[in-house]
Structures are given as C-alpha cells and as structure tokens.
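J.: attaching a predicted model along with its sequence, questions to come.
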Amino acid sequence: MSWNDEKELSGLVGEILKSYDQYPLINNIGVKDRLNQSEIIGLLQEIRCLVFPGFFESRHLNSTSVPYHLGETLEDIQYRLQHQIVMAFHHGLDPIGECPAEPEKEAERISKEFLSGIPKIRSLLATDVQAAYDGDPAAFNTDETIFSYPGVFAISVNRIAHELHVLGVPMIPRMMTEYAHNLTGIDIHPGATIGTYFFIDHGTGVVVGETTEIGSGVKIYQGVTLGALSTRGGQSLRHKKRHPTLEDNVTVYSGASILGGETVIGEGAVIGSNVFITSSVPKGTKVSIKNPDLQFKESGRKQAPVTELDQEGFRKWEE
C-alpha cells in the first residue's frame, strides 16, 4: 500500500521525529560504535563449537584437521570479539562509568584472556554434562544432553557469559544469556556464581538472579526462582547481595521460590515443590508443604478427607 497523500506521509514523519526528540532514552541514532546483536549470537555459537568440538560444526573434524581448525577459530573469535568489546565499552557505560583510555588495547587483552580460559570453561561444562546424564534416567547418553537438553544449553551459555562478565565486559554477557533465555525459558544472569556438576532438569521458567551463589552438585527443576525479596530500591541496590546462596548438593523441586540475599540453603537440603522461602534452611533439612486434603466425587458420593481411612486403609466415602 502506497501513500496517496504526500502531506499525510510528511505529517507522520514529522510526528515520529518529534517523538525522537521527546524520548531520546530509546534512540540510538548517530552511534557509530554500535553493538551488533546478530554478531554477538554468531560469536556465541562459534565459541560453543570451540567448547564442544565436533558437535555443532558443519565440517567434519578429525585428529589431523583439529589443530588447524582450532587455530583458525581462535583467530576469528579473537578478532570479532575484540571489535564487539570495543563497541560495548562505548555502548554499555552506566551513568558513572568511564571508557578505558585505550579501548582497543583493553579489548584485545580481555578477548585473549577470555580465550585463555576456554580449558577452564570446558572443565566446568564436562561436570555439568555428566550431572545431566547422571541426574536423568531418561537420558540415552551424554551426547544427547549436549545436543538436546535446554538446561545444558543454558548452562553452557552462562559459563561463557560469566567469564566475560568477570572480565568486566559490559552488555555482551547479558545479551548472550538473554538469547539462551529466549530459546529455553531459563533465565540465568551472567553474574551468578555457579559451582561444578550443576543440573537444571526440564528448565522452563527457571530464574537465577545476579548475586546468586550456587555450590557444587546442585540440582534444580522447572519453575524455580532464586530471586530477590524486593527490587523497589532500584539502582540503589546495585552491587548488593540480593539473591540466595545454595550450598553443595542442594536439590530444589519445581515451582519453589527462594528469595533474599541473606537466605542460605544449607548443604544437602531438599526443597520441595511450590514452597516459598525467605529465610535460611539448615543443612540436611527437607522442606515441603503439607499435602492438602483431597476430595473426590463419584456417583453422588463424596470421599472423606485423606486423613479418614477405613480399617483396610482405604479412604472412607460419605453418602
């Protein structure tokens, strides 16, 4: 459909331009050093190929070709990542932030230091993949968890993004984890600290806040929130511990909410489904909600509450 009235089109252009002047907060006009979201996602995918060699590349890898492929991949990632980090320095400053005096050199240093940490990331992910296989009797093998498990995907992206976050890269880590969030429904902030052998089963609806601390051997299910008690303080709460700590070997079942920066779930604790926790739980504790009284109706009869049983152990029926 074309515009029949040039004045109508001109008028609309004028109104939109007026809104650009009125709401500059959501403009990005005239910014030369602009982050490229597609490039960030492409970099993430290439880094995951580096972390999981042979799983996601289009080319076939063998023992002869791997060293050459690895060298080419490292050079490509370093060049592209350095460029995006420079743009992030200009693009992602908070109100009191300062761009490095020599952004190119700083970006080069960070990109090389990040890539030097790939063996560390792989060592962590090896434990996560094993945890996914060990923790799910439906898993055929560890390859299946790498190819298809949303929890493994989200955790792998978080391991990568967390290292960039620790190195002080603005914006890019969050763009990576939100990409994973969009695909899996699992929202893990790159600032969260996560130990080894971490498993998220099913995963949809999981939220892990920025200052969360998770020990080793922790397993959580879908719908779990590790969040803050309140964020009404807004930016005044930045850099403060707002999210809970889960010590080693904690299990949290579906729908549970654990909130607050002072909340510590002790080692080996088991948190049942749908509980709401805002205070610390001692180690080895099992927390659950009392089962509600279930009632059933059949052919005009009403079943008594679950606590009322007959001599044979069956629920009594009320006429």
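T.: Received, thanks.

J.: the residue most central in space within the chain bridge partners, please.
T.: Per C-alpha atoms, centre = their mean, the C-alpha nearest to the average position across the chain is that of Ile188, at 2.3 Å. Per DSSP bridges, the residues bridged to Ile188 are Val208.

J.: and it, how far is that from Val157?
T.: Distance check for Ile188 against Val157: by C-beta to C-beta, to the nearest Å, it reads 8 Å. Heads up, the C-betas are built off the backbone N, CA and C, glycines and all.

J.: mutual contacts of these two, please.
T.: In terms of C-beta atoms under 8 Å, 6 or more residues apart in numbering, Ile188 and Val157 are both contacted by the residues 177, 180.

J.: would you mind listing where the stretch 51-200 of the chain has pLDDT under the threshold?
T.: Along the stretch 51-200 of the chain, segments meeting pLDDT under 70 span 92-98.

J.: can you map out the strands along it?
T.: Per DSSP state E, counting those that start in this stretch, the stretch 51-200 of the chain has strands spanning 187-188, 193-194, 199-201. These are given in chain order.

J.: and the residue nearest to Glu106 when sequence neighbours are not counted, how many neighbours?
T.: With C-beta to C-beta, 6 or more residues apart in numbering as the criterion, Glu106 has its nearest non-adjacent residue at 4.1 Å, and that residue is Pro100. Applying the criterion other C-beta atoms under 10 Å, we find 15 residues in the vicinity of Pro100.

J.: return the distance of Pro100 relative to Val264.
T.: Remark: distance between Pro100 and Val264 (C-beta to C-beta) = 37 Å.

J.: next one: Leu35
T.: From Leu35 to Val264 the distance is 37 Å (C-beta to C-beta).

J.: follow-up on the earlier one: thought the residue nearest to the centre of the chain was touching Thr177?
T.: Yes. Counting by C-beta atoms under 8 Å, Ile188 does reach Thr177; the two are 5.8 Å apart.

J.: what touches both of the two?
T.: Here Ile188 and Thr177 share the contacting residues 154, 158, scored by C-beta under 8 Å, 6+ apart.

J.: so what's Ser65 up against?
T.: In this structure, Ser65 makes contact with Arg59, judged by C-beta under 8 Å, 6+ apart.

J.: okay, the strands of the stretch 51-200 of the chain in JSON lines with distance to Lys290 next?
T.: Conversion of the strands of the stretch 51-200 of the chain to JSON lines gives the following (distance: least, C-beta to C-beta, whole Å):
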{"stretch": "strand 187-188", "distance to Lys290": "30"}
{"stretch": "strand 193-194", "distance to Lys290": "32"}
{"stretch": "strand 199-201", "distance to Lys290": "24"}
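
J.: return the most buried member of the ones you listed.
T.: With neighbours taken as mean count of other C-beta atoms under 10 Å, these reach their highest mean count in strand 199-201, at a mean of 25.

J.: who does that one pair up with?
T.: Under the criterion DSSP bridges, strand 199-201 sits next to strand 219-221 (parallel) in its sheet.

J.: show me what the longest helix seen in the chain is packed up against.
T.: For the chain, the longest helix by residue count, based on DSSP state H, is helix 66-91. Other helices and strands packing on helix 66-91, by 3 or more C-beta pairs under 8 Å, 6 or more residues apart in numbering; DSSP states H and E, are helix 37-51, helix 103-116, helix 172-184.

J.: what angle sits between that helix and helix 103-116?
T.: If you take axes from the mean of the first three to the mean of the last three C-alpha atoms, to 10 degrees, helix 66-91 sits at 140 degrees to helix 103-116.

J.: which positions in helix 66-91 come out as buried?
T.: When burial is assessed from 16 or more other C-beta atoms under 10 Å, helix 66-91 yields the following buried residues: 69, 73, 77, 80-89, 91.

J.: for these, which one is nearest Glu46?
T.: Ile77 (5.7 Å; C-beta to C-beta).
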